[in-house]
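S.K.: structure of the sequence below:
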Amino acid sequence: MSPLKITARDALTGPVLKIIGDLDYSTAPELRAQLSVLALQPGQRLVLDLADMVFCDSSGITALIAARNHAQAVQADVALAAVPPHTLRVLGIVGLDQIFPLYPDSETATAGRS
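M.R.: Prediction:
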């Protein structure tokens, strides 16, 4: 089990949250808590950088959906960057790869708008 660490930085397009470790039943509330205090403005893009995410269960997927809902509530959008293969497979199975814009890395996700 890898403890969850979330780091935040600002990009020209909006905030970038880097998810490090396990995003699961016991840690997903941490991401939700960070989202609740995140300053996200209309028209911005929230990027979730998953390059260092080790594990993601259904609670983690639900937290990613909560991030999308949070962004939409303030008329912003959300993108996933560097999604690990195991998580990408799950997103594909449940159709969320059609809902989330996916980028190979956070630099590409913050380079411009799609």
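
S.K.: how about the longest helix along the chain: buried residues?
M.R.: In the chain, assigned by DSSP state H, the helix with the most residues is helix 58-73. By neighbour count with 16 or more other CB atoms under 10 Å, helix 58-73 contains the buried residues S59, G60, I61, A63, L64, A67, R68, H70, A71. Where C-beta positions appear, they are placed from N, C-alpha and C, glycine not excepted.

S.K.: stretch 33-43 now?
M.R.: Q34, L35, L38, L40.

S.K.: point out where the protein drops to low pLDDT.
M.R.: Applying pLDDT under 70 to the chain picks out residues 112-114.

S.K.: regarding this protein, what is its longest strand?
M.R.: Counting by DSSP state E, the longest strand found in the chain is strand 45-56.

S.K.: which strands or helices does that strand pack on?
M.R.: Counting contacts by 3 or more CB pairs under 8 Å, 6 or more residues apart in numbering; DSSP states H and E, strand 45-56 is packed against strand 14-23, helix 58-73, strand 77-81, helix 85-94, helix 106-111.

S.K.: how about these in CSV, adding distance to V47?
M.R.: Putting the helices and strands packed on strand 45-56 into CSV (distance: least, CB to CB, whole Å) gives the following:
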stretch, distance to V47
strand 14-23, 4
helix 58-73, 10
strand 77-81, 5
helix 85-94, 15
helix 106-111, 4
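
S.K.: can you tell me which of these is nearest to F100?
M.R.: The closest of these to F100 is strand 77-81. By CB to CB, the value is 4.9 Å.

S.K.: then the closest one to PDB, C-alphas only?
M.R.: What follows is strand 77-81 as a C-alpha-only set of coordinates in PDB (Å, rounded to 0.1, in the frame of the first residue of the first chain):
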ATOM      1  CA  ASP A  77     -13.300  21.300 -17.500                       C
ATOM      2  CA  VAL A  78     -11.100  18.500 -16.400                       C
ATOM      3  CA  ALA A  79      -8.400  16.400 -18.100                       C
ATOM      4  CA  LEU A  80      -6.500  13.300 -17.000                       C
ATOM      5  CA  ALA A  81      -2.800  13.100 -17.800                       C
END
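
S.K.: go ahead and confirm Q41 touches V74.
M.R.: Yes. At 6.9 Å, Q41 counts as touching V74 under the criterion of CB atoms under 8 Å.
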